[in-house]
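>>> predicted model follows, preceded by the sequence.
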Amino acid sequence: MAKSKILVVEDQPEFQRALTFRLKAQGYEVELAEDGCAADLCLGIGSYDVVLIKDVLSDGPAAPRLREWRHKGHQMPVIMMLENVAAEPEQFKSAHADGVIARPFAISDLILEIERVTVAS
């Protein structure tokens, strides 16, 4: 039985594959979106327990998209995966991100963050 259904929004295929493999090995159900537009489509037809989204995607920064999701009523927990470690985590909190994690990260740290945000929601 899957722990949670996770939408991974990531534009780097190698990272998509590695993250999907590791999350599935931990019992999570995983769906992929290669950019923000694809994530919008996924959220329009499905529901997710958690969204993991890279801070800057090929079609733009994630923070404005997250604000739009919240405005549309999507309340699932969202964890921003920070590629730009110099970015201020507060800007993502103001976009209503529930958690942030700097890349690269250990899968154990990500699992802890997923558990933290799903228990809090």
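Noted; the coordinates are in hand.

>>> so where's this structure uncertain?
Scanning the chain for pLDDT under 70 picks out the ranges 1-2, 84-95.

>>> so which residue is smack in the middle of it?
residue 52 (1.0 Å; Cα atoms, centre = their mean).

>>> now it: which helix or strand?
Using DSSP states H and E, the element containing residue 52 is strand 50-54.

>>> partners of that strand in the sheet?
Strand 50-54 pairs in its sheet with strand 5-9 (parallel), strand 78-82 (parallel), by DSSP bridges.

>>> can you redo the ones you listed as TSV with mean neighbour count and distance to residue 69?
For the C-beta atoms, the positions are set from N, CA and C on the backbone; glycine is no exception. Listed next are these as TSV, based on neighbours: other Cβ atoms under 10 Å; distance: least, Cβ to Cβ, whole Å:
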stretch	mean neighbour count	distance to residue 69
strand 5-9	23	11
strand 78-82	24	8
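
>>> got the residue ranges for the helices in the protein?
For the chain, the helices identified by DSSP state H occupy 13-25, 36-45, 62-71, 89-93, 107-120, in order along the chain.

>>> what's the most buried one of these?
helix 62-71 (a mean of 18; mean count of other Cβ atoms under 10 Å).

>>> relative to strand 5-9, how tilted is that helix?
If you take axes from the mean of the first three to the mean of the last three Cα atoms, to 10 degrees, helix 62-71 sits at 140 degrees to strand 5-9.

>>> quick one: residues contacting the residue nearest to residue 49 when sequence neighbours are not counted.
With Cβ to Cβ, 6 or more residues apart in numbering as the criterion, residue 49 has its nearest non-adjacent residue at 3.7 Å, and that residue is residue 4. By Cβ atoms under 8 Å, 6 or more residues apart in numbering, the contact list for residue 4 reads 28, 29, 49, 50, 114, 118.
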